[in-house]
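K.L.:
Could you look at this predicted model? Sequence included:
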Amino acid sequence: MFELFVEKKRYGKSIILKDVKINLTENGIYGFFGKNGQGKTTLFHCILGFTKYKGRVLFNGEALKSSDIGWIPTDPDLYEYLTAKEFMNFYAVNCGKEKADIHNLLFDLDNNKLIKECSTGMKKKVYINSVLQIPDYKLYIFDEPFNGLDIEANYLLLNYIKELAKNNMVFLSSHIIEIVLPYLEHCYFIDNTSVTKYSKEDLMLNFTTK
């Protein structure tokens, strides 16, 4: 069971999120939508513990730690003078593993290529491979995961997320609403400091009439 309460999150004098409550009991994909700058990433950062806020986040009654979460940011940071394999090993060691498991990765890459020589999309694939090699996170968060990826990669990633959600809770933000909407359990729209739960049909209507 996932429980989130953000009483207040502010940056300086500006309140970004207020009185946000989300309680979930079922596995599946949960979509988070809203215009740019409304607080989607900030909400995720609250869940991850990356930013200070007034509130709490629990998973099965216990405080959720950032190490419990598989986190895919919109624009991941990588050490560019490492190869893809070296970065995956670095990530694995920081997650308590001896080395990376490079045999069952989502994306097929040249793992001996320096990251600084990779395109934006290839860098994102390296990061996604690094995160998803670690099994059994309590929660997965994908923040605009399709940005920068080619069509084939988006197809592979979406199918992976669909399978992942059968046994896990997955939070997903995306501007490609029509693609992800059929697979969502619930939808949340972030606007003017609040988070509102919508049905799939009502969310689509909300977007098309704004």
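P.N.:
Perfect, thanks for sending it.
K.L.:
ok, A63 to V20 distance?
P.N.:
Distance of A63 to V20, given as CB to CB, to the nearest Å: 17 Å. All C-beta spots, glycine's among them, are computed from the backbone N, C-alpha and C.
K.L.:
So those two - more neighbours on which side?
P.N.:
Using other CB atoms under 10 Å, the more surrounded residue of A63 and V20 is V20, with 23 against 10.
K.L.:
Just give the nearest non-adjacent residue to K166, would you?
P.N.:
Nearest residue to K166 in three dimensions, chain neighbours excluded: N27, at 6.7 Å (CB to CB, 6 or more residues apart in numbering).
K.L.:
Test my guess that E26 contacts E185.
P.N.:
Yes - under the criterion of CB atoms under 8 Å, E26 makes contact with E185 at 6.4 Å.
K.L.:
Between the two, which is the more surrounded one?
P.N.:
Taking other CB under 10 Å, E26 and E185 do not tie; E185 has more neighbours (15 against 11).
K.L.:
secondary structure element for that one?
P.N.:
strand 184-191 (DSSP states H and E).
K.L.:
Need the residue closest to the centroid of the protein.
P.N.:
Central residue of the chain (CA atoms, centre = their mean): F142, 2.0 Å from the mean position.
K.L.:
what bridges to that one?
P.N.:
I72, L172 (DSSP bridges).
K.L.:
Tell me how far it lies from I16.
P.N.:
21 Å.
K.L.:
ok, now which ones touch the residue nearest to K166?
P.N.:
A165, K166, N167, N168, M169 (CB atoms under 8 Å, 6 or more residues apart in numbering).
K.L.:
pLDDT at it, what is it?
P.N.:
If you check N27, the pLDDT there is 95.
K.L.:
which regions of this structure lie under the pLDDT threshold?
P.N.:
203-210 (pLDDT under 70).
K.L.:
for it, what spans make up the helices?
P.N.:
Assigned by DSSP state H, the chain shows helices spanning 40-48, 84-94, 120-132, 151-164, 177-180, 200-208.
K.L.:
May I see the ones you listed organised as JSON lines, with mean neighbour count and distance to V57 added?
P.N.:
Below are those laid out as JSON lines (neighbours: other CB atoms under 10 Å; distance: least, CB to CB, whole Å):
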{"stretch": "helix 40-48", "mean neighbour count": "22", "distance to V57": "5"}
{"stretch": "helix 84-94", "mean neighbour count": "19", "distance to V57": "22"}
{"stretch": "helix 120-132", "mean neighbour count": "21", "distance to V57": "19"}
{"stretch": "helix 151-164", "mean neighbour count": "15", "distance to V57": "20"}
{"stretch": "helix 177-180", "mean neighbour count": "15", "distance to V57": "23"}
{"stretch": "helix 200-208", "mean neighbour count": "14", "distance to V57": "23"}
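K.L.:
closest one to K113 among these?
P.N.:
Minimum separation from K113 across the helices of the chain (CB to CB) falls at helix 84-94, 6.1 Å.
K.L.:
next one: stretch 36-55 to chain centre, how far?
P.N.:
12 Å (CA atoms, centre = their mean, to the nearest Å).
K.L.:
If you could redo that for stretch 128-147, that was the one I meant.
P.N.:
For stretch 128-147, the distance to the chain centre is 6 Å (CA atoms, centre = their mean).
K.L.:
mind checking the end-to-end distance for it?
P.N.:
Terminal residues of stretch 128-147 lie 12 Å apart, using CA to CA, to the nearest Å.
K.L.:
That's all I had, so thanks and see you.
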